[in-house]
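> Task: produce atomic coordinates for the following.
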Amino acid sequence: MRIVVALGGNALLRRGEPMTADNQRENIRIATEQIAKVAPGNELVIAHGNGPQVGLLALQGAAYKATSPYPLDVLGAETEGMIGYMIEQELGNLLPFEVPFATLLTQVEVDPKDPAFKNPTKPIGPVYSKEEAEALAAEKGWSIAPDGDKFRRVVPSPRPKQIFEIRPAKWLLEKGAVVICAGGGGIPTMYGEDGKLQGVEAVIDKDLCSALLAEQLEADLLVIATDVEAAFIDWGKPTQKAIAEASPDELDKLGFAAGSMGPKVLAASEFARNTGKTAVIGSLAQIDAIVQGVGGTRVSTDSKEVRYH
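As a prediction, the model looks like this:
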């Protein structure tokens with residue numbers, strides 16, 4: 001089975017945790033211990049978030065005044081290399097020596113007319129208090145938005161149109177490699193008026209890009225890994241219930257928070273609609289059960305009604 005696993009940002013760095021290399025490596029080690037369980041006998045593709053990391057690189061760059069800061073597309077490429085390296089090493093330490101790995105720097109096309117450029121929504125970097133965030137917004141010209149009880153910098157998050165490195169990803173899978181690609185939603189690029197490809201200041205939504213990746217790779221299963229065991233209705237209320245199975249049409253009627261579960265549900269629904277295959281939202285701890293068809297929230301056009309755990 002060809003499986004695409006999209007690792008949520010929390011698989012790399014837990015909320016409020018210091019953004020150290022050691023913390024990230026420890027979290028990646030925990031994530032890869034789960035992923036390793038489903039590697040034997042399957043073709044594996046791993047995508048990942050990069051919001052905290054790309055934000056940290058932007059802050060580090062801004063602290064050095066001698067040169068102008070690097071743009072977000074370049075920082076996105078840096079995070080693909082950094083996180084891909086850690087995943088390769090930690091998963092490689094768990095799988096047989098003969099299993100090859102490859103991390104692909106993945107350019108993804110976006111539309112320059114995408115309305116997201118006028119409405120930044122994608123949180124990056126660390127969390128701040130309201131006062132800190134407002135001071136930084138005034139100093140650096142950032143857009144900021146609430147994130148739970150804190151605030152974060154937000155940047156444009158256009159939809160992915162095309163993944164340029166899809167053919168090399170397929171070639172590597174055919175040779176038995178574990179492929180790490182489309183990290184952080186891929187490196188955002190667009191065609192300029194001169195017809196040439198160029199980078200753009202944005203961060204593409206990782207879940208929507210993972211859905212496009214899984215579709216274009218003709219994957220059998222898309223696993224959107226997060227820090228909860230399923231998508232819930234009435235989250236945080238006494239009436240909350242975990243969804244076991246639903247069709248994209250049924251999920252559309254339920255409504256989910258735009259900043260957290262919303263993009264994951266949208267991505268799972270798009271993959272299911274476009275391919276007729278199954279997408280699952282769930283925690284990495286359940287990945288064994290998810291691949292066997294019993295864990296998480298399963299999104300499929302074959303579902304006739306919403307079932308709950």
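> quick one: low-confidence parts of the stretch 1-150 of the chain?
Residues of the stretch 1-150 of the chain meeting the criterion pLDDT under 70: 10.
> quick one, what contacts the residue nearest to the spatial centre of the chain?
Centroid-nearest residue in the chain, with C-alpha atoms, centre = their mean: Lys206, separated by 3.1 Å. With contact taken as C-beta atoms under 8 Å, 6 or more residues apart in numbering, Lys206 is in contact with 6, 8-9, 47-50, 182-185. Placement of C-beta: from N, CA and C, glycine included.
> With Glu78 instead?
Neighbour list for Glu78: Leu57 [criterion: C-beta under 8 Å, 6+ apart].
> same check, this time on Gly49
So Gly49 contacts 7-9, 11-12, 183-184, 206 (C-beta under 8 Å, 6+ apart).
> now with 10 Å?
6-13, 79, 83, 183-185, 203, 205-207, 210, 226 (C-beta atoms under 10 Å, 6 or more residues apart in numbering).
> what do you get for Gly55?
So Gly55 contacts 19, 72, 75, 79, 123-127, 152-153, 155, 203 (C-beta under 10 Å, 6+ apart).
> show me the contacts for Gly185.
Counting by C-beta under 10 Å, 6+ apart, Gly185 touches 6, 47-51, 76, 106, 108, 110, 122, 157-160, 202-210, 212-213.
> try 6 Å this time
Contact analysis of Gly185 by C-beta atoms under 6 Å, 6 or more residues apart in numbering lists 204-206, 209.
> hmm, back to that, name the nearest of the contacts of Lys206 relative to Ala267.
Ala6 (7.7 Å; C-beta to C-beta).
> Checking the closest one next. Helix, strand or coil?
Assigned with DSSP: H, G, I helix; E, B strand; the rest coil, Ala6 falls in the strand class.
> number of nearby residues for it?
30 (other C-beta atoms under 10 Å).
> contacting residues around it?
Counted by C-beta under 6 Å, 6+ apart, Ala6 has contacts 47, 207, 210, 224.
> do Gly8 as well
The neighbours of Gly8, taking C-beta under 6 Å, 6+ apart as the test, are 49, 225-226.
> can you give me the helices in the chain?
All helices of the chain, identified by DSSP state H, fall at 9-12, 21-35, 51-63, 72-92, 130-140, 166-174, 206-216, 248-254, 261-275, 287-292.
> thought Asp288 was touching Lys37?
Yes - Asp288 is within contact range of Lys37, at 5.1 Å (criterion: C-beta atoms under 6 Å).
> Cross the contacts of Lys206 against strands and list the overlap.
Among these, DSSP state E puts 6, 47-48 in strands.
> Tell me the one of those nearest Asp302?
Ala6 (21.5 Å).
> what are the bridge partners for the closest one, then?
Residues in a beta bridge with Ala6, per DSSP bridges, are Ala47, Ile224.
> And it, how close does it get to Glu131?
Ala6 is 34 Å from Glu131, where distance means C-beta to C-beta, to the nearest Å.
> How about Thr239?
Thr239 sits 35 Å away from Glu131, going by C-beta to C-beta.
> With distance to Ala231 and neighbour count added, can I get the contacts of Gly55 in CSV?
Compiled in CSV, those are given as follows (distance: C-beta to C-beta, whole Å; neighbours: other C-beta atoms under 10 Å):
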residue, distance to Ala231, neighbour count
Met19, 27, 15
Leu72, 29, 24
Leu75, 30, 26
Thr79, 27, 24
Pro123, 20, 24
Ile124, 24, 27
Gly125, 26, 21
Pro126, 26, 20
Val127, 23, 18
Arg152, 23, 24
Arg153, 27, 25
Val155, 25, 24
Val203, 23, 30
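> Could you chop the protein up by domain?
What the record gives for the chain is the domain set 2-110+160-308, 120-155, from automatic domain parsing.
> Please compute how far the shortest one lies from its chain's middle.
Its chain's C-alpha centre lies 20 Å from the corresponding centre of domain 120-155 when counted by C-alpha atoms, centre = their mean, to the nearest Å.
> What residues of it count as buried?
Neighbour-count burial for domain 120-155, with 16 or more other C-beta atoms under 10 Å as criterion, is recorded at 120-128, 133, 136-137, 142, 144, 147, 150-155.
> thinking again about what came up before, wait, which of the contacts of Gly8 is closest to Glu33?
Ala225 (12.8 Å).
> tell me the most buried of the domains of the chain?
Ranked by mean neighbour count, the domains of the chain are led by domain 2-110+160-308 with a mean of 19 (mean count of other C-beta atoms under 10 Å).
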